[in-house]
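[1] Here is the input, now give the coordinates:
(one chain, ligands or ions: 2)
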Amino acid sequence: MPNTSTKRKAAVLVAGSWGTALAYVLACNHFEVVMWTRTEAQAKEISTQHHNEKYLPNRVLPPNITATTNMEEALNGAELTLFAAPSSAMRDVARAATPYVEANSIVVHATKGFEPESLKRMSVVLAEELGRPEAEIAVISGPSHAEEVILKLPTTVVVASQSVDVAEKAQEAFMNTAFRVYTNNDVIGIEISGALKNIIALAAGLINGLQLGDNAKAALLTRGLAEISRLGVAMGANPLTFIGLAGVGDLVVTATSQHSRNWRAGYMLADGTPLAVVLDRMGMVVEGVKTTRAAYELAQQYGIEMPITEQLYGVLFNDQPLDRSIEALMGRMKTNEMNS
Ligand SMILES: NC(=O)C1=CN([C@@H]2O[C@H](COP(=O)(O)OP(=O)(O)OC[C@H]3O[C@@H](n4cnc5c(N)ncnc54)[C@H](O)[C@@H]3O)[C@@H](O)[C@H]2O)C=CC1
Ligand SMILES: O=C(CO)COP(=O)(O)O
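    Numbers count the residues shown, from 1 in each chain. Ligands and ions are numbered 1, 2, ... in the order given. Now for the predicted structure:
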């Protein structure tokens, strides 16, 4: 059915905390936003009660955000389609959306992770499923906790696409005085920074939980950025991206904020709580866990040293004691800071 409304429409798939916060930004910019969600209960809660209590508690959503479980209804007539699913669900959500995404709709994703088995970046997954050139897909990333975006606290992010036109259209759609959007063309670098900083945020939570001090935390962030950049550059990223908003900016906000689910998961792990229990308690996506496995495998594929990722992998998946990991990191062979 053609959309006869003169209002600009955006579709947001799915209605987790980040999808909802970005839907709010678009709604503030006068879009008619229709979110797609799996459950009727959540669609009804958003459309009629204007809340999404599980994902953004105590926040009222404006009436120009509604939700549906019907993909066609969500996507019909949308000039912008935003994918904000967890990385493990992206392919399924994209596949369900594909028949209904408008040919001229700007496609943006906001997901920070890799596809678990294939280790593909999200824009690759979307291009494959939607049958669009990768160059026409955009990613939005940067230091941006949903809990602050929904309060209109000043936030700056980056939209990257190989197509300047797509990046600028997405920038125009999201930008407002509380939400500043820069463009960039380094999709690989932006996607890799956004995914890998979650590993370091998890480790930062562990360091805080273990009370290892500020020196250790600063070292973790700095050496973490070094290993993120090493893998990113090997995968084709521009090294300068890692000192930008999606690199150091997001690393700092995720590793130092109690809003971060990754930081909180690390903090809980520090007292010996098993990973499965931590994830169950969180009840929201903690991308850093699957990303640690993905980065560990990518580091092997590309022949890159990632000592922090390697130690976290041991802790998360091989029951390696935390003190052994600290010893292993502090006892590494002498090296030059610029080498590895
Ligand atoms: N929350 C935040 O502040 C930010 C999150 N992100 C990224 O956004 C992505 C989504 O995260 P959040 O919204 O925070 O997660 P969330 O845990 O708040 O919500 C996840 C949503 O995905 C839905 N979902 C899960 N599996 C699904 C499936 N198979 N099919 C359909 N829907 C499914 C859930 O029902 C829920 O609505 C992640 O990659 C995260 O790293 C990026 C920037 C900020
Ligand atoms: O990416 C984020 C902030 O930029 C959110 O991080 P968490 O998923 O750890 O909450």
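
[2] Next up, phi/psi of the residue of the chain most remote from its centre, please.
    Residue farthest from the centre of the chain, counting by C-alpha atoms, centre = their mean, is K334 at 34.5 Å. Here is the backbone geometry of K334 (degrees, to the nearest 10): phi -60, psi 140.

[3] Next, the contact list for it, please.
    If you count contacts by C-beta atoms under 8 Å, 6 or more residues apart in numbering, K334 has none. (Glycine included, C-beta is placed from N, CA and C.)

[4] Would you mind measuring from it to ligand 1?
    Going from K334 to ligand 1 by C-beta to the nearest ligand atom, to the nearest Å gives 36 Å.

[5] pLDDT on stretch 214-232, on average?
    For stretch 214-232, mean pLDDT rounds to 98.

[6] in its sheet, what does the helix or strand harbouring V108 sit against?
    Secondary structure from DSSP states H and E places V108 in strand 106-109. With DSSP bridges as the test, strand 106-109 is paired with strand 80-83 (parallel), strand 137-141 (parallel).

[7] quick one: buried residues of it?
    I106, V107, V108, H109 (16 or more other C-beta atoms under 10 Å).

[8] Okay, the residue nearest the centre of the chain and M338: tell me how far apart.
    By C-alpha atoms, centre = their mean, the chain has its centre lying nearest to K112, at 2.6 Å. K112 sits at a distance of 28 Å from M338 (criterion: C-beta to C-beta, to the nearest Å).

[9] quick one, strands of the stretch 51-200 of the chain?
    Remark: strands assigned in the stretch 51-200 of the chain by DSSP state E, counting those that start in this stretch are 65-68, 80-83, 106-109, 137-141, 155-160, 179-184.

[10] Would you mind listing what in the chain touches ligand 2?
    Listed as neighbours of ligand 2 in the chain under the rule C-beta under 6 Å from any ligand atom: 112, 143-145, 198, 201, 250, 253-254, 259-262, 287.

[11] Low-confidence bits of the stretch 1-150 of the chain, can you list those?
    Along the stretch 1-150 of the chain, the model assigns pLDDT under 70 to residues 1-6.

[12] Which positions in it make contact with ligand 1?
    14-19, 38, 55, 84-87, 89, 92-93, 110-113, 144-146.

[13] What sits closest to the residue nearest to the centre of the chain if chain neighbours are left out?
    Nearest non-adjacent residue to K112, counting by C-beta to C-beta, 6 or more residues apart in numbering: G194, 3.9 Å away.

[14] For that neighbour, give me its contacts.
    Going by C-beta under 8 Å, 6+ apart, G194 touches K112, V139, S141, G142, A246, D250.

[15] Okay, domains of the protein per the record?
    9-185, 195-330 (automatic domain parsing).

[16] I'd like to know how far whichever residue of the stretch 1-150 of the chain sits closest to ligand 1 sits from A23.
    Ligand 1 sits closest to G16 of the stretch 1-150 of the chain, with a gap of 1.9 Å, by C-beta to the nearest ligand atom. Distance, G16 to A23, using C-beta to C-beta: 11 Å.

[17] Settle it for me: which of those two has more neighbours?
    A23 (29 against 23; other C-beta atoms under 10 Å).
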